[in-house]
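> No sequence on hand, only this structure:
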């Protein structure tokens, strides 16, 4: 055990011995960065600042409350709920609530979600003395203490009660003054109150005052407390301190007028408010920290208000006129020595371009000032050794040779300086011997043989011996190894002391035997900027686009490691490279200083936000022999740092979810991601913003997101830390967020889980309903299929029934036609014989019998005609013949026919024709007359006494309205409902027995009216008569004007009579002997001579031998029918009129007859009058014949 202890002690001593020189004499130069309104602050007047639990910096200004996340500001003003823009103080309590002290609106508290303010003021808290709140803090017990400008101190307890404390005259245990400038809580929980009349401590029930004579002044401006309880009190006369043991010292610094102690940082340094500006005390030595303001374009002395140290160790200095100043936590890792014109002891070169180590540990510096400086890194002392070395030209390179002589190169000049003798030797382009090369030297090196090599910008390479004699001049393309157009980037001393030349040609070495440059086997042959040897002998090569490491093999070099942009190396050309004792590679560039850790395969760029004065470094990093500190020059001065302490932080940074909101039709909805949330299916543009709360070089932060179920891998979001999802499918999601700080350290992964609700049609209930509906639909489809099968079956049955009905209707029609034909033929005999019989001498009884036979025959004929009409209507074969007609003439004909019948029964017949009745209408006048006469006949028939009235009017908008009213027995509702049924009458058989009729007339009238697009309605009551109204929508028509009979003569038929007046010779072709006998008898009774032919052949024979005045032909003849016979007769030149005589009832028979050559068409049975009319019409009496 004792041996191990001894060894451990020895190792500790060695480590301490090795560590001591690293830190010895390292000058520290704080470089604060100013933030003003130009950077986003609401005002340059900062009154207070603090940090919340998440790491946001809250800033109280004279124009609003600001929250800073290292990159952006979020500002609360009156338009965002802050009632007063002037904020005196801010404080974060243990619950992470933000308390805001305003000048006129009282005390406000912003909730943990940072959404709403709650106010305490004189309006809602009467115990408060004023709304002008200067300072606020909280105690561990949860009480909120706040002080006002001139109305005392207040305490707000957890229940919301406000207690006010004021000075009491003569009471030394009361508040010293009503003007409270500062309240703060010490680490031990003690509440200290600073007023305009001194400082007091709250004991729990009263105040214990500090002795006024110990403070220097009782007018307290500020107070700060350290972790050990030391209380610093800033007064109008300076700073006083109360030690933890209770002692009070009114002047801690005797020689320095300190106004206040702003802060003691975690490294033990105190930052002071001094008349010269900002001071820093380090072990009693107070140094002034110069502050350069970009906005003021010079050095400023801000009036300080407060200093705050954030969670990273960065320092924030608040001023009341110059904004906010930030000092990063790693500011000590770089020391900067600038050129200060007012300080002759500072560097003489504003921009150091050449650095070389001296044998005694100092460093030689040259640059734009043209002065050779000797710098002591231990003390920071600068000695201006030689002035105007370049004679007006800048000095670009310096080196100390092995004889301790210093060589300085400038444009077309070379100077050698011997520090021991202080003698200089100068060579230029104009020197007769050993003149320098043309151009600006870019590098110098001394090889193992002692030769000094100088490389110029474009002309080539020159070698001199230690005395300065030129031994070799190498020009591009001269055959000594430099290719045409080659530009040398730098020179280095390679293994064995050989000179290495680096540039676009790669790595070349000088071969003294061959007196030329040769490529170094295994090393790159192009694009090399600089090389450095590691302690283990490996060679690091800085190329244009990569950093590579090579190891030595017996014959050549072999690459062992490489890092380029794909591995995280910045895509910038390096200007120099070196390797420290720990194997870390350091490179300079125009983007800053690059640190490459091969073990971690990471690269870190240090720039102006890390404490460097500039990020442009044109020269290489030069290690100081002995302690390994690195020096490099920039336009803003010399940078000195110890690579052992410039290490990236390994502490994971804080990542917070700053904002989550989503858009929908109602607007923007903010979401709380702490407990998860749910999105509606119509929400869109989900925006998630994360912030890495690290203020050190925040613009280098990088964010990435990964949404499970949506992203296959991490999605880089750049430096903004925002991700927007336009639309997401329904489901559960987990959003992972991570951020990387400037030191390439990733934060812990933050997760937010949320659900996207499906649309209502994809919810479980909807899916269950859909499944139910699907089942119902399946059942319905099955049922529909069954119904379809049933309907198809029913349709097929209906189709079959329809076909059967059509066949039946056709059969019925054919049957009725045949029946009509077969009935009309014997009816011709019945009616004709009865008519002939009535023309003979009969007694009264015989005549009665004959009249009964005639009436029965006529009734039977009407029944057959009605049945045939209904059959045509049912079969759709009833053809209307719409023609223009005169409705008044139609009515007059009907009245002329029916009025005498009414008067015979003793009834009054009245006719009313409306004046607006159109002069002409388009319709089937015969069918309209049929309807009208039927209705009038029924009215006359059923009316025993009283009257029958016919009213005729116009149907709006166009048409005919017929109304037939009577004073008959009337109708009941039940009778009216079945009145238009076929074979139905009002009282059934009783009506038929009393009045006669078949019950088909009204049915036919209803069907005819419907065919014309109209209707028939009936109204009435028992004992009050009946009223029938016929409405027929007929179009108006213009009738041709009547022709004057005197001016236009009717065409006269050619006489068809013979010389005997009234007697005609008529040919009758009829196969039925009874019909032939009847027609012959009826014609002979009129005085005509009739020749009967039983068939067509006999008729043709008769026309060949006899002349006839008229021919009556039956259409249904045996053999050749009547139509064919007519055509034959016309073909043979038969000119006499032809009359078709048939028992057919179809509508086509008349048209066929007329087409065959007939002049007239008669349906059986025929009467004497019918025959007489036809004969008279076809064969009028001859005129002008003797």
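Yep, it's here. Here the structure is a predicted model, which is why all the values come from computation and not from measurement.

> tell me how far the strand or helix carrying residue 1067 is from the chain's mean position?
When secondary structure is defined by DSSP states H and E, residue 1067 falls within strand 1065-1069. Taking C-alpha atoms, centre = their mean, to the nearest Å, one finds the center of strand 1065-1069 at 99 Å from the center of the full chain.

> same question, stretch 486-499
Chain-centre distance of stretch 486-499: 62 Å, with C-alpha atoms, centre = their mean.

> Could you list the residues in contact with that stretch?
Stretch 486-499 is touched from outside by 442-449, 451, 453, 455-458, 460-461, 476, 500-505, 509-510, 520, 528-533, 537, 552, 576, 620, with contacts defined as C-beta atoms under 8 Å, 6 or more residues apart in numbering. Placement of C-beta: from N, CA and C, glycine included.

> before we move on, back to that, what strands line up against the strand holding residue 1067, and which way round?
With DSSP bridges as the criterion, the sheet partners recorded for strand 1065-1069 are strand 1089-1093 (parallel), strand 1110-1114 (parallel).

> Angles on the backbone of the closest residue to residue 56 other than its chain neighbours, please.
The spatially closest residue to residue 56, leaving aside those adjacent along the chain, is residue 67, at 5.1 Å (C-beta to C-beta, 6 or more residues apart in numbering). Torsion angles at residue 67 (phi, psi; degrees, to the nearest 10) stand at phi -120, psi 130.

> mind listing what residue 67 touches?
Each residue near residue 67 by C-beta under 8 Å, 6+ apart is listed here: 56-59, 73-76, 114.

> what's across from it in the sheet?
For residue 67, the beta-bridge assignment (DSSP bridges) gives partners residue 58, residue 74.

> Can you tell me how far it is from residue 99?
Remark: distance between residue 67 and residue 99 (C-beta to C-beta, to the nearest Å) = 14 Å.

> What of residue 681?
Computed with C-beta to C-beta, the distance linking residue 681 and residue 99 is 41 Å.

> More neighbours: the two, which one.
Neighbours around residue 681 and residue 99, counted as other C-beta atoms under 10 Å, are more numerous at residue 99. The numbers are 22 against 18.

> That one against residue 106, yeah?
No: Residue 99 is not in contact with residue 106 according to C-beta atoms under 8 Å; the separation is 11.1 Å.

> So residue 860 lies in a helix, does it not?
Yes: assessed by DSSP: H, G, I helix; E, B strand; the rest coil, residue 860 belongs to a helix.

> what's the spacing between it and residue 849?
Separation of residue 860 from residue 849 (C-beta to C-beta) stands at 17 Å.

> And residue 913, by the same measure?
44 Å.

> repeat for residue 778
Distance, residue 778 to residue 849, using C-beta to C-beta: 80 Å.

> Could you check which of the two is surrounded by more residues?
In this view residue 778 and residue 849 are compared by other C-beta under 10 Å, and residue 849 has more residues nearby, 14 against 10.

> what about that one, is that helix, strand or coil?
Following three-state DSSP, residue 849 is assigned to helix.

> so where do the helices sit in this structure?
With DSSP state H as the definition, the chain shows helices at residue ranges 2-23, 764-838, 844-875, 887-904, 925-942, 973-977, 989-995, 1001-1011, 1073-1084, 1096-1105, 1122-1131, 1148-1156, 1168-1178.

> which stretch in those helices is the model least sure about?
Comparing mean pLDDT across the helices of the chain, the lowest value falls on helix 2-23: a mean of 36.

> buried ones in stretch 929-947?
Neighbour counts using 16 or more other C-beta atoms under 10 Å place 929-943 of stretch 929-947 among the buried residues.

> likewise stretch 1082-1089?
Buried residues in stretch 1082-1089, counted by 16+ other C-beta under 10 Å: 1082-1083, 1086, 1088.

> Same question for stretch 488-506.
By neighbour count on 16+ other C-beta under 10 Å, the buried set for stretch 488-506 is 488-494, 498-506.

> Closest one to residue 398 out of those residues, please.
Nearest to residue 398 among those: residue 491, at 13.2 Å, using C-beta to C-beta.

> confidence score at the closest one?
Per-residue pLDDT puts residue 491 at 96.

> Any idea what it is bridged to?
On DSSP bridges, the residues paired with residue 491 through beta bridges are residue 501.

> What's the separation between it and residue 1110?
In this view, residue 491 and residue 1110 are 149 Å apart by C-beta to C-beta.

> Quick one: mean pLDDT for the strand holding residue 1067?
Per-residue pLDDT over strand 1065-1069 has a mean of 93.

> the inter-axis angle of that strand versus helix 1073-1084?
Angle between the axes of strand 1065-1069 and helix 1073-1084 is 160 degrees (criterion: axes from the mean of the first three to the mean of the last three C-alpha atoms, to 10 degrees).

> Would you check that residue 1156 makes contact with residue 1120?
No: under the criterion of C-beta under 8 Å, residue 1156 makes no contact with residue 1120, lying 11.8 Å away.

> so what's residue 580 up against?
Under the contact definition (C-beta under 8 Å, 6+ apart), the residues listed for residue 580 are 586, 623, 628, 630, 643-644.

> How about the contacts made by the spatially closest residue to residue 261 that is not a sequence neighbour?
With C-beta to C-beta, 6+ apart as the criterion, residue 261 has its nearest non-adjacent residue at 3.8 Å, and that residue is residue 232. Residue 232 makes contact with 223-226, 239-241, 260-261, according to C-beta under 8 Å, 6+ apart.

> 10 Å instead?
For residue 232, the contacting residues are 222-226, 239-242, 252, 258, 260-264, 270, 272, taking C-beta atoms under 10 Å, 6 or more residues apart in numbering as the criterion.

> who does it bridge with?
Under the criterion used here (DSSP bridges), residue 232 is bridged to residue 224, residue 241.

> Next, work out how far apart it and residue 248 are.
The gap separating residue 232 from residue 248 is 11 Å, by C-beta to C-beta.

> which residues are common contacts for the two?
By C-beta under 10 Å, 6+ apart, the residues touching both residue 232 and residue 248 are 240-242.

> show me where the stretch 301-450 of the chain has strands.
Listed in chain order, the strands of the stretch 301-450 of the chain (DSSP state E, counting those that start in this stretch) span 304-309, 315-319, 324-327, 334-337, 352-357, 363-367, 372-375, 382-386, 395-400, 406-410, 413-418, 423-428, 441-446.

> Can you check which of the ones you listed gets nearest to residue 133?
Set against residue 133 and scored by C-beta to C-beta, those come closest in strand 304-309, at 16.1 Å.

> quick one: strands adjacent to the closest one?
Under the criterion DSSP bridges, strand 304-309 sits next to strand 315-319 (antiparallel) in its sheet.

> roughly how far is the partner strand from the heart of the chain?
Using C-alpha atoms, centre = their mean, the offset of strand 315-319 from its chain centre is 44 Å.

> What mean pLDDT does that strand get?
When the per-residue pLDDT values of strand 315-319 are averaged, the result is 97.

> List the buried residues of it.
Applying a neighbour-count criterion of 16+ other C-beta under 10 Å, one finds 315-319 buried in strand 315-319.

> From the shared contacts of residue 232 and residue 248, pick the one nearest residue 949.
Checking those against residue 949 with C-beta to C-beta, the nearest one is residue 242 at 129.4 Å.

> list the contacts for the spatially closest residue to that closest one that is not a sequence neighbour?
Here the nearest residue to residue 242 in space, its sequence neighbours aside, is residue 231; by C-beta to C-beta, 6+ apart that works out to 4.2 Å. With contacts defined as C-beta under 10 Å, 6+ apart, residue 231 is in contact with 184, 186, 190, 192, 194, 199, 201, 210, 223-225, 240-244, 248, 261.
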